Every structure is written in C-alpha cells, then in structure tokens.
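[1] Compute the structure for the input listed below.
(chains A, B, C and D)
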There are 2 protein chains.
Amino acid sequence: MTVFSSRLEAASPDAAGLASSPRYVQVARTLESAIERGEYQPGNALPAERELAVRLGVSRVTVRQAIAQLAVRGLVVRRHGSGTFVAPSGPPVRIQHPLSRLTSFTEDMHSRGLSAGGRVLSFTAAHPSVHDAMKLNLSPGQLVYRVRRLRTAGGEALAVEESLLNAGRLGPLSAADVQDVSLYALLQARGAGPVRALRQLRAVNADDELAGLLGVSVGAALLATERLAWDAAGQPVELARAHYRGDRYDFVMELRD
Amino acid sequence: MTVFSSRLEAASPDAAGLASSPRYVQVARTLESAIERGEYQPGNALPAERELAVRLGVSRVTVRQAIAQLAVRGLVVRRHGSGTFVAPSGPPVRIQHPLSRLTSFTEDMHSRGLSAGGRVLSFTAAHPSVHDAMKLNLSPGQLVYRVRRLRTAGGEALAVEESLLNAGRLGPLSAADVQDVSLYALLQARGAGPVRALRQLRAVNADDELAGLLGVSVGAALLATERLAWDAAGQPVELARAHYRGDRYDFVMELRD
DNA sequence: GAGTGGTCTAGACCACACA
DNA sequence: GTGTGGTCTAGACCACTCC
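    This next block holds a predicted model:
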C-alpha cells in the first residue's frame, strides 16, 4: 500500500508563510503522523529505508536522519539486519518510585509484582577516587567494594547501578555475596543498614556503553541518580550511582508546605 | 599546531584484539581526549569540520557524526556560521532543588542568590484535555488558564514550564498578572495557596521546540516533571509540567527509613 | 566576501538476520 | 543468498556569522 504522497511539501513551498523546514524534519513528521494514524502498528516494521527514500523522493541518508530522530524519542526501534519497528505503544513496564521512604530497587519491584532481576557486571575491591573517598568519609588509602549491576524488571533491563561500599566496615565480601541479593539486605545483615540518604537526580544522554547495556539508542535520555546513605551511627555506608531508562522509570514524590 | 596523527588506528587494525569501532566513534574519542588533555580550552573553537576531515583522513560527514555525539553529551556547542566550541567546563549554574519542602522556582533561585527571571511564552484560557480535567477535578466544559513560561536564572534559560490553573477557582486573570511574578504567590493571594503536591520526574530527549527555547541540541536530555498541587481544602489548584535542562539542574531529596 | 556549520545527494561496501 | 540497517565517501549548495 502506498501510504505517502510521492513528494513532500508538494506545490507551494510554504503556503501558510511558514518557513520550510529541512526535509529530514518533514520526513520525520510524515512518518510520525503515519504511526499516529495507526498506518503502522506497534511491533510492525516500517518500510525499508531504501524504499522510503524512493517513495518520498529523498536520499537514504535523509531518511536515516529522520528515523534517527524518531528512534531517539523512542517512537521506533531499529534492529540491525532486520528492520525498523514501531515501538510498543504504552510503556509495558512503567515504574513509579515512591520517594518518601528509603527503599531498595528490589523492594520497589516486588511491591509492584515485578521480578527484580539483575546481573553483576563487575565486582572489585579498589581505591576510591579522592572525591568519592570524601563522600564516604574515608582516607584515600582505604578500600571500597565497587559493585556494578544491571537491574532488570519483568525481564527488561531497567538500570545500571554502581555501588561503592566501605570495605573496612563490612568485612570480607565476594562476588557471590552480591549476586541476586539486595545490597540493602546485605548491609542490614552486617549491621550497616542505612537509615538516611540523600538522593540527587538529573538527566543525561546515554553513551555507547550504557545504551548497549540498557538496550536503548545512544543519546537516549536517562535518569541519573547518585545516592549517599548513612547508617544509624551517622557513618556513610554506600555511595550509589544509577542510570535508569528515561522511558521506563518515573520518580514520584510528595511535597508539603 | 597539528594535534592529531594523520590517520586513525594506524598500523594494526586491532592490536589488542579489540573489535575495531566505527570511524566516527574513533574520531569522537580522539576529539574528546584532546579536549580532556586541554588541547582545546573551554570556550575555544575546535578546528573547522572540513579541516578536521582532512587532518584525520575521513570525510566531513564522518566528522560531523562524531561531533554530533559530543554535542548531544554537552561537551561541545555548535554555533551555525561561527564554529564548534568546547563547552564551559564546570556547569556555571548548577541548581540544587531541595525537595523536602514545597517551594516555587522563584524561591529556589532567590535562596541561591540567583535572579529568577522569566518570560511568558503564552497565556490562554482554554478547555483542558479530558486527562488534565480529571487530574484537576474539573468537568470537561470548565475553563483553565494555561500559562507557558520560560524560566531563567542568572540570565540563562533553565526550564520551560506550563501551568494549568483552575479558572473558575481563581477568577479573572490576564497575561499581565502572570508576568514576572511567582504563580505560587499569585495563588496564595487568591486564597488558593498549595499546601501539598505530588511531583513526578522522568528523563526525556529534547524535541526541536524545547531545544530551541532552552538553547540545547535536539535530543539533549531533559528532566521532565509533572506536579499536581492541592490547596488546604484538598482541591487541586495547579497542574504544572516543566522541562529542565539536564545539564543545569539537579534535584536533591532526603530519604528516611 | 570568506569561513563556518547545516542539509542533501548518489552510490558503495560492511555487518547482521533470517529463511 | 537476499534483504535489512550501519558506515562511509566526495562533492554540492544553503544559511548564518563576522569582518
């Protein structure tokens, strides 16, 4: 089925006095409205880039530039060798994180009936950076455990989390100890359960590595957080940095006057 | 000064057994490390794209693809007709938003000694969407004021904020009333001061319009928030959606067990 | 006007998926 | 093998900035 008119911005270049936008923007809009009209259903493939180029009378490079815009916004997903597909419409897993309380990722997911999975990407004992040592109230020579984990929920990668733990405070720890267990539970078991934390949120673009791990395009918006947690004695016990998929994670908080 | 070797990944394609990455990634890394080494100082221009292409032995398109990666990550800023510049190193204005309390943008900025500026982009009375009407506890026929403002701090665009206000509850309101004044102060003055709010945060990529208003590249990560505020009587008084520059805004919150 | 980034093209080859 | 997206090229013209 031929969905598009053969040319863009047909007769009058800017009938309404609008500045004519670049072709790739026009192509992006054309594709977007076709998707919105339901001409391409979620999960279905778009026509191949080469075919779109012919149909729309533009070069393939221009089509790619247009599709790249849609991809970074999460409207479509590209699969090398296979095609470009309309993204599943409603976010299949949308997490709402209640921020009033100090909870772990594992708890969060369980309270929503999702299986909190994960995979340890790396586990090392190392010297923290000067900056991090200060935050954890350590002298630069002291060791920290550095745990890097990929967090999943409902089988889908949701976040990459890196935790720094005060090694001296916790005693011996091995990679097996952090496998498939909440770090909070582990800290609690060793008498270093956090009771207070500061959490900072900001938005960043995914670099190659995070994009690969989370299954999003390079440049996709991620929610980046840093959390510093203290135990009852006021000692810092954990410094955690996490990158959540922007399209799959919501933080919700309650504010009062 | 010739900064780069004339070719990338010179003799052995993958000496350490590493899969050779695309050229534009290599170019991006080359430029990034040159910036990190201080060979290009913040505020200074990079060599022109055409010159980089010649120096590095790649096409200009490839150079552009590499620079695009750096631009979306905020390392460099492109200025049409003028050049590509290394971004100012440390974020010159980094806001930390204390989330424990219900504060307005204006208050936030003042408490940091920054002038909270702004510009009303649009002010209309309109019918809310069904979805929004529900949130504001209105019947679909009732009117809302829709205020769209560009928020600045220290002379720099920081956020685009759109507020929906219950028109019936507030009485007559004109564009002049929302000019240069905190909406919270205005609500307070009309006996609809908010005492409780829910705030949701997520990360999104900037579209053309937001990018233009905020002075960032299309696709840059933004912190998107939606806030629904209630007055003392438990009536919803404001539904606000805002997009903050991800590289200029931090949210910080305190959590307790 | 000279120099810069922004857009666009036609064509090529590579890497991956799938039958 | 065939079809798909991913990368890359050389060259062109446009739009903007700045002198």
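[2] mind checking how far the helix or strand harbouring residue A:185 is from the chain centre?
    Assigned by DSSP states H and E, residue A:185 belongs to helix A:183-189. In terms of C-alpha atoms, centre = their mean, to the nearest Å, the centre of helix A:183-189 is found 25 Å from the chain centre.
[3] contact partners of it?
    A:104, A:106-107, A:147, A:163, A:165, A:170, A:177-178, A:193-194, A:231, A:237-238, A:240 (C-beta atoms under 8 Å, 6 or more residues apart in numbering or on different chains). Yep, even glycine has a C-beta here, placed from its N, CA and C like the rest.
[4] repeat that with 7 Å
    For helix A:183-189, contacts defined as C-beta atoms under 7 Å, 6 or more residues apart in numbering or on different chains pick out A:104, A:147, A:163, A:177-178, A:193-194, A:237-238.
[5] Stretch A:200-215 too?
    Against stretch A:200-215 from outside (C-beta under 7 Å, 6+ apart): A:150, A:157, A:160, A:216-226, A:243, A:245, A:251, B:72-73, B:201, B:203, B:220-223, B:246, B:249-252.
[6] give the contact list for the residue nearest to residue A:238 when sequence neighbours are not counted.
    Of all residues not flanking residue A:238 in the chain, residue A:229 sits nearest, at 4.5 Å (C-beta to C-beta, 6 or more residues apart in numbering or on different chains). Residues counted as contacts of residue A:229 (C-beta under 7 Å, 6+ apart) are A:194, A:197, A:237-238.
[7] Which of those fall in strands?
    A:194, A:197, A:237-238 (DSSP state E).
[8] Who wins on neighbours among those residues?
    residue A:237 (27 neighbours; other C-beta atoms under 10 Å in any protein chain shown).
[9] if I look at residue A:229, how far off is DNA strand C?
    Distance of residue A:229 to DNA strand C, computed by C-beta to the nearest atom of the strand, to the nearest Å: 39 Å.
[10] in chain A, which spans are strands?
    Secondary structure of chain A by DSSP E: the strands cover A:76-79, A:83-86, A:95-98, A:116-126, A:144-153, A:156-166, A:194-205, A:221-231, A:236-245, A:249-256.
[11] Surely residue A:224 and residue A:243 touch.
    Yes. The criterion here is C-beta atoms under 7 Å, and residue A:224 meets it with residue A:243 at 5.3 Å.
[12] give me every residue that touches residue A:50.
    For residue A:50, the contacting residues are residue A:60, by C-beta under 7 Å, 6+ apart.
[13] got it, and residue A:140?
    A:127, A:130, A:133.
[14] Look up the pLDDT of it for me, please.
    The model reports residue A:140 with a pLDDT of 76.
[15] One more: the one 10 residues further on?
    At residue A:150 the predicted local distance difference test score is 89.
[16] Please name the bridge partners of it.
    According to DSSP bridges, the partner residues bridging residue A:150 are residue A:119, residue A:160.
[17] That one touches residue A:160, doesn't it?
    Yes. Using C-beta under 7 Å, residue A:150 is in contact with residue A:160, at 5.7 Å.
[18] more crowded one of the two?
    More crowded of residue A:150 and residue A:160, by other C-beta under 10 Å: residue A:160, with 21 against 16.
[19] so the more buried one touches residue A:243, yeah?
    Yes. Between residue A:160 and residue A:243 there is a contact under C-beta under 7 Å: 5.0 Å.
[20] Low-confidence ranges, the stretch 151-257 of chain A, go.
    The model of the stretch 151-257 of chain A has pLDDT under 70 over residues A:180-181, A:256-257.
[21] who in chain A is up against DNA strand D?
    Applying C-beta under 7 Å from any atom of the strand, we find that chain A lies next to DNA strand D at A:45-46, A:48-51, A:60-61, A:64, A:78-84.
[22] Just the buried residues out of those residues, in ChimeraX syntax.
    Only the buried entries of those go into this ChimeraX selection, using 16 or more other C-beta atoms under 10 Å in any protein chain shown:
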select /A:46,49,64,78,84
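[23] Let's see which of the residues of chain A next to DNA strand D end up in helices.
    Of the positions in those, A:49-51, A:60-61, A:64 sit in helices, assigned by DSSP state H.
[24] wait, which of these is closest to DNA strand C?
    When those are compared for distance to DNA strand C (C-beta to the nearest atom of the strand), residue A:61 wins out at 3.3 Å.
[25] List every C-alpha atom in stretch A:130-148, with coordinates, as PDB.
    Presented in PDB, the C-alpha positions along stretch A:130-148 are these (Å, rounded to 0.1, in the frame of the first residue of the first chain):
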ATOM      1  CA  VAL A 130      39.500  11.400  46.100                       C
ATOM      2  CA  HIS A 131      36.100  12.700  45.500                       C
ATOM      3  CA  ASP A 132      34.300   9.500  46.400                       C
ATOM      4  CA  ALA A 133      36.600   8.900  49.400                       C
ATOM      5  CA  MET A 134      35.500  12.300  50.800                       C
ATOM      6  CA  LYS A 135      31.800  11.500  50.400                       C
ATOM      7  CA  LEU A 136      32.300   8.100  52.100                       C
ATOM      8  CA  ASN A 137      34.400   9.700  54.800                       C
ATOM      9  CA  LEU A 138      37.400   7.500  54.000                       C
ATOM     10  CA  SER A 139      41.000   8.300  53.800                       C
ATOM     11  CA  PRO A 140      42.300   7.900  50.200                       C
ATOM     12  CA  GLY A 141      44.200   4.700  51.100                       C
ATOM     13  CA  GLN A 142      41.200   2.700  52.400                       C
ATOM     14  CA  LEU A 143      39.500   0.200  50.200                       C
ATOM     15  CA  VAL A 144      36.000   0.100  48.800                       C
ATOM     16  CA  TYR A 145      34.000  -2.600  47.100                       C
ATOM     17  CA  ARG A 146      32.700  -1.500  43.800                       C
ATOM     18  CA  VAL A 147      29.700  -3.400  42.600                       C
ATOM     19  CA  ARG A 148      28.300  -2.800  39.100                       C
END
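[26] Return the set of buried residues in that stretch.
    A:132-133, A:136, A:138, A:144-148.
[27] how close does the residue of the stretch 51-200 of chain A found nearest DNA strand C get to residue A:49?
    Closest contact between the stretch 51-200 of chain A and DNA strand C, by C-beta to the nearest atom of the strand, is at residue A:81 (2.4 Å). Distance, residue A:81 to residue A:49, using C-beta to C-beta, to the nearest Å: 13 Å.
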